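> Got a predicted structure plus its sequence, pasted below:
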Amino acid sequence: NAGVTQTPKFQVLKTGQSMTLQCAQDMNHEYMSWYRQDPGMGLRLIHYSVGAGITDQGEVPNGYNVSRSTTEDFPLRLLSAAPSQTSVYFCASSPEGFLTDTQYFGPGTRLTVL
Amino acid sequence: AQSVAQPEDQVNVAEGNPLTVKCTYSVSGNPYLFWYVQYPNRGLQFLLKYITGDNLVKGSYGFEAEFNKSQTSFHLKKPSALVSDSALYFCAVKGGYSTLTFGKGTMLLVSP
């Protein structure tokens, strides 16, 4: 199993540009989530999904969209990039997210918005 | 609202000495507690979790954590630190059907 994969690894955007961060998992996990990691702030939840076709907002959802058309994929879309979205983004999956299960993290995407 | 506090930004310890990384939490209802580790330029990796039962939880790489309900703490410990343990450690909590809340992280530096 490849586990959780994320592309790209690095990305530089200009303010106002849009892009999609890709996330895929091959473990047949129902629960997937997106976090952003900023220095001194830990990980903050952006959006999550409890299964195909079901998504919900996390702590910091503004400026981001998600969709979950398949169990495997959970892309994160930046609609109009802003410098405040410069961060490292992690995707994670787990078999049953809401209860007691461990999350498996991807390697991350480092995004810089100029 | 649930929260996690990791009061130390950095912990320094000599190789071979015991280490402790502190974590306290606030949550409604019974807590589910986790420790994750992040090595440079990598994603987070699961170390251990407390769901219920024995207050001392053993995890990967020789780490353990003690759940203390009265002090609302879940400190991470290891009897003998290795240089390779140097990394960023995150404590996380969820209560009931809430999502996971992470602490800000503690950098552990183990010197040879």
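Everything's here; your move.
> use CA for all of it now, contacts and neighbours both
Will do.
> For the lengthiest strand in chain A, give me every contacting residue.
Counting by DSSP state E, the longest strand found in chain A is strand A:42-51. Residues from elsewhere that reach strand A:42-51 (Cα atoms under 8 Å, 6 or more residues apart in numbering or on different chains): A:30-37, A:55-61, A:64-66, A:68, A:71, A:96-97, B:90, B:101-105.
> Can I get the buried part of these as one ChimeraX selection?
ChimeraX command restricting those to the buried ones, with burial defined by 16 or more other Cα atoms under 10 Å in any protein chain shown:
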select /A:30,31,32,33,34,35,36,37,55,57,58,61,64,65,66,68,71,96,97 /B:90,101,102,103,104,105
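> Strands - which of the contacts of strand A:42-51 land there?
A:31-37, A:55-57, A:64-66, B:90, B:101-102.
> May I have the predicted confidence score for the closest residue to chain A within chain B?
Residue nearest to chain A within chain B: B:Lys104 (3.8 Å; Cα to the nearest Cα). With respect to pLDDT, B:Lys104 scores 95.
> what residues are up against B:Lys58?
B:Lys58 neighbours (Cα under 8 Å, 6+ apart): B:Leu48, B:Glu64, B:Ala65.
> So which of those residues is surrounded by the most neighbours?
The most crowded member of these, judged by other Cα atoms under 10 Å in any protein chain shown, is B:Ala65 (27 neighbours).
> pretty sure it contacts B:Val57?
Yes: using Cα atoms under 8 Å, B:Ala65 is in contact with B:Val57, at 5.3 Å.
> For the longest strand of chain A, which strands pair with it and how are they oriented?
strand A:31-38 (antiparallel), strand A:54-57 (antiparallel) (DSSP bridges).
> Quick check: residues of chain B near chain A?
B:32, B:41-46, B:51, B:90, B:96-99, B:101-105 (Cα under 8 Å from any Cα of the partner chain).
> Now with 7 Å, please.
B:32, B:42-46, B:51, B:97-99, B:102-105 (Cα under 7 Å from any Cα of the partner chain).
> Which one among those residues sits at the bottom for pLDDT?
B:Tyr97 (71).
> so what's B:Phe102 bridging to?
Beta-bridge partners, per DSSP bridges, of B:Phe102: B:Ala92.
> quick revisit: isn't the residue of chain B closest to chain A right up against A:Met41?
Yes: in this structure B:Lys104 lies within contact range of A:Met41 using Cα atoms under 7 Å: 4.8 Å.
> for B:Glu66, what are its contacts?
B:Asn55, B:Leu56, B:Val57, B:Phe74, B:His75 (Cα atoms under 7 Å, 6 or more residues apart in numbering or on different chains).
> now the strands paired with strand A:42-51 in a markdown table, with mean pLDDT?
A markdown table is the format used below for the strands paired with strand A:42-51 (pLDDT from 0 to 100):
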| stretch | mean pLDDT |
| --- | --- |
| strand A:31-38 | 94 |
| strand A:54-57 | 94 |
